[in-house]
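K.L.:
when you get a sec, could you give me coordinates for this:
(one chain, ligands or ions: 1)
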Amino acid sequence: MTALYDEVQGSAAAIKAKLGVAPKVGLILGSGLGGYADKLGDARALDYAEIPGFPRSHVVGHKGRLVAGTRGGTSCIAMQGRVHMYEGHSAATVAFPARVLIALGAKTLIITNAAGGLNPAWQPGTLMLIRDHIDLLRDHPLRGPNDDRLGPRFPDMTHAYPRELRTLVKEAARSKGIPLEEGVYVAMPGPTYETPAEVKMLQGLGADATGMSTVPEVIVARHMGARVIGISCITNQAAGITGEELSHAEVTETANRVRTTFESLLDTILETLVTKGEA
Ligand code: HPA
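P.N.:
Down below sits the predicted model:
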């Protein structure tokens, strides 16, 4: 069996050969948020199917391709679509592409998702900067033998979402007048949305938003020493808060509605990272 390290390097080498990239920032774009990749300048794209080792996404609205280009004065590589554990993938497989972005040179990952709001004060369309997370997925991307070439056996998670980057993002949002909340993201396995009883439990745990992604990628980024900025688009109030049933259509509708604001936020984050010499 090929070691994970070699698979990551092999994937990265294949991408480099086809796209010729050395990105500083990696973007993982969540449900309904993938359009940002189309805004990269001097863009070159590669379908996941053409990248050895890359898992394929099947969810409607997820394109499943990698786009390299420039934005805000820096070189970026964006994942337009990602796979989820509920499709049957292990946490390690879900997180594999994030490892490849880092192996390509991305020292900062901006990881985005659509999420249900647990904080009853937040209306659909709210953008939330992730301060911390709670992992309730039933698999862990680092389970199994550890390869020290990738990272340590027991990574610290105290600064998974580094304070200096969160401060930078909040200042960037404020300077552009973009409303931005901050809170704790809890990862649930899905694919069902939560029950109202689970939503009460998650609120009691101190979470502000719930979703089915992001955490495996954040863990491997931490493992490999990359820094993460996490942003949730609150597409709906979580189950039981309004009494209305939840639907994927509502999730994508809200994501589409806030698309312009979300993209301005990403733009200002990239510009600020460059201005501060962070990307
Ligand atoms: N729960 C879990 N995942 C989600 C939700 C939700 O309410 N909305 C969008 N992704």
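
K.L.:
helix or strand: which one has the residue in the stretch 51-200 of the chain that the ligand sits nearest to?
P.N.:
Closest approach between the stretch 51-200 of the chain and the ligand, counting by C-beta to the nearest ligand atom: Gly116, at 2.0 Å. C-beta coordinates here come from the backbone N, C-alpha and C atoms, glycine included. Using DSSP states H and E, the element containing Gly116 is strand 108-117.

K.L.:
against which helices or strands is the next helix or strand after that strand packed?
P.N.:
Proceeding N to C from strand 108-117, the next assigned helix or strand is strand 127-135, under DSSP H and E. Under the contact definition 3 or more C-beta pairs under 8 Å, 6 or more residues apart in numbering; DSSP states H and E, strand 127-135 sits against helix 163-175, strand 181-187, helix 215-223, strand 227-237, helix 259-275.

K.L.:
centre of the chain to strand 127-135, how far?
P.N.:
Taking C-alpha atoms, centre = their mean, to the nearest Å, the mean C-alpha location of strand 127-135 is offset from the chain mean by 11 Å.

K.L.:
rewinding a little: the helices and strands packed on strand 127-135: which one's closest to Gly41?
P.N.:
Evaluated over the helices and strands packed on strand 127-135, closeness to Gly41 peaks at helix 259-275, with 11.5 Å, by C-beta to C-beta.

K.L.:
need the residues that contact that closest one.
P.N.:
Taking C-beta atoms under 8 Å, 6 or more residues apart in numbering as the criterion, the residues outside helix 259-275 that touch it are 25, 27, 32-33, 35-36, 39, 71-74, 76, 108, 110, 112, 127, 168-169, 171-173, 175-176, 178, 180, 229, 231, 233, 255, 279.

K.L.:
strand 227-237 and that one, what's the angle between them?
P.N.:
Orientation of helix 259-275 against strand 227-237 (axes from the mean of the first three to the mean of the last three C-alpha atoms, to 10 degrees) gives an angle of 170 degrees.

K.L.:
going by neighbour count, which residues in helix 259-275 are buried?
P.N.:
261-263, 265-274 (16 or more other C-beta atoms under 10 Å).
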